[in-house]
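Undergrad: sequence first, predicted coordinates after that:
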Amino acid sequence: MKIFLDTNIWLNFLVRDTDQTKVCNVLMREIEKGRFLPYTSSLVLFEVYHVLTSQHLYKLTKSAAIEKLEGIQSIRNLTLIELTHFSQAIELFEQTKINLSDCLIVTQVPKAVVLCTYDKQLWKIKGVTVKTPQECLKSIG
């Protein structure tokens, strides 16, 4: 299964300590086994960097945050989407009133790729298959 990993998945995997973190760790192990083909985007990685370095919870140094991003880039078979579709994102934003950066990320998800996220707002967007990590894991048995 091809899955596009959203910002919250990476943050749960990298720094959080919740039940969601445990599921994200299992998901990453399955990715490393080759059971999923992971995608993400430069915009997602920018958001991860921003949260890691500027939020009151994490306050990582720039170099520590860069190390985390380099770790992400070394994930087995990761495809990094660099192309954006700003006009399409604006249309989604006007239709849904969801955060503009989330709309931009959604437009980066290739066809036939599942958007893996905990962001319930993204379920509102038509034409994109959205699943939680738990749902993705169930699909492989």
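TA: The structure has been received and is ready for your questions.
Undergrad: every contact and neighbour count from this point should use C-alpha atoms.
TA: OK.
Undergrad: next secondary structure after whichever strand or helix holds Val51?
TA: Assigned by DSSP states H and E, Val51 belongs to helix 42-54. On the C-terminal side of helix 42-54, the closest following helix or strand by DSSP H and E is helix 62-73.
Undergrad: that following helix packs against which elements?
TA: helix 42-54 (3 or more C-alpha pairs under 8 Å, 6 or more residues apart in numbering; DSSP states H and E).
Undergrad: give the buried residues for the helix it packs on.
TA: Within helix 42-54, the residues scored as buried using 16 or more other C-alpha atoms under 10 Å are 43-45, 47-49, 51-53.
Undergrad: the helix holding Val51 to helix 62-73, inter-axis angle?
TA: Computed by axes from the mean of the first three to the mean of the last three C-alpha atoms, to 10 degrees, the angle separating helix 42-54 from helix 62-73 equals 150 degrees.
Undergrad: make 43 the first number, not 1, from now on.
TA: Sounds good: first residue 43 from here, last item helix 84-96.
Undergrad: name the residues that touch helix 84-96?
TA: Residues from elsewhere that reach helix 84-96 (C-alpha atoms under 8 Å, 6 or more residues apart in numbering): 48-49, 52-53, 100-104, 107-108, 111, 122-124, 147.
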